[in-house]
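Participant: dropping a prediction and its sequence here:
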Amino acid sequence: TRSTRPQRMLKAVQKNATKGNPESVISAIDYFCKNSEWAMNVGDEKGSILDSVVTEVNPSTVLELGTYCGYSTVRIARLLSPGTKLITLEFNPAYAAVARQIIAYAGLQDKVTLVEGPSSELIPQIKERFGITTFDFIFLDHWKDRYLPDIKLFEECGLLRKGSVLLADNVICPGTPEYLEYVRNSPHYESRYYPAHLEYTKVEDGLEKSVFLG
Ligand SMILES: Cc1cc(C(=O)N2CCN(C)CC2)sc1-c1cc(O)c2nc[nH]c(=O)c2c1
Ligand SMILES: [Mg+2]
């Protein structure tokens, strides 16, 4: 049977990247998406903004919603201080299977805990399952209709502290208007928009960075 796009992406990584070299894995995926098949990785333009925010925060605890093939997981994990791990949630088992292999190819498997399942169920379990009190950095990149309910879940579960940084992809395209309205009008967040483009295209998109004020 025909391979899937994530499987073809994995093949491109295995063919063109160097094992244990995260930068080469990132480049191989970007090359594949620019020259072979578009895919919904955060991409190099928004990825550079992600890199700068992660570097600025230098987080000890990290959560990613939406692993897909692991591109942004690799981008984040390669920047973390030794001993720091990130938790990434993926709903789709086929995506998770490919992501595990791409993360391992980059040599970052010891810095990543990939959990399969819906964010609505997993977020309330995080404290007990992973011994986390609060997150320093959260990257939202799963499904536009879950951004708002999941940020409310973070608040309810006490997973945010003064200064927690949330960075959301796709706030313009596909678009998360209710989430934007919430973080931009809530007295509990200081929000800033980073304009960019939809990965590998000229379509407008951007990242919204929101700092929890407590
Ligand atoms: C699937 C998809 C199609 C898009 C689009 O407008 N397209 C027109 C232009 N052509 C070229 C591509 C297709 S944008 C997008 C997308 C992009 C992300 O970064 C996403 N991140 C997380 N979760 C998502 O569901 C997610 C969807
Ligand atoms: Mg995205």
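Facilitator: Yep, it's here. Ligands and ions are numbered 1, 2, ... in the order given.
Participant: residues contacting Ser36?
Facilitator: Listed by Cβ atoms under 8 Å, 6 or more residues apart in numbering, the contact partners of Ser36 are 8, 12. Bear in mind the C-beta positions are built from the backbone N, C-alpha and C, glycine included.
Participant: for it, give its distance to ligand 2.
Facilitator: Distance of Ser36 to ligand 2, computed by Cβ to the ion, to the nearest Å: 19 Å.
Participant: quick check: residues of the protein near ligand 2?
Facilitator: 141, 169-170 (Cβ under 5 Å from the ion).
Participant: between the residues you listed, which has the most around it?
Facilitator: With neighbours taken as other Cβ atoms under 10 Å, the top of the residues of the chain next to ligand 2 is Asp169, carrying 32 neighbours.
Participant: skip the chain neighbours and tell me the closest residue to that residue.
Facilitator: Closest residue to Asp169 apart from its sequence neighbours, by Cβ to Cβ, 6 or more residues apart in numbering: Asp141 at 4.2 Å.
Participant: that neighbour is in contact with Cys69, isn't it?
Facilitator: No: the pair Asp141 / Cys69 is not scored as a contact, 11.7 Å apart, by Cβ atoms under 8 Å.
Participant: any idea how far the residue in the chain that ligand 1 sits nearest to is from Asp205?
Facilitator: The nearest approach of the chain to ligand 1 comes at Met40, 3.8 Å away (Cβ to the nearest ligand atom). Applying Cβ to Cβ, to the nearest Å, the value for Met40 to Asp205 is 11 Å.
Participant: what's the overlap in contacts for these two?
Facilitator: Glu199.
Participant: so which of the two has more stuff around it?
Facilitator: Set Met40 next to Asp205 and count neighbours by other Cβ under 10 Å: Asp205 wins out with 21 against 18.
Participant: looks to me like the more buried one is in a strand.
Facilitator: Yes: counting by DSSP: H, G, I helix; E, B strand; the rest coil, Asp205 is found in a strand.
Participant: what are the bridge partners for it, then?
Facilitator: Beta-bridge partners for Asp205, by DSSP bridges, are Ala196.
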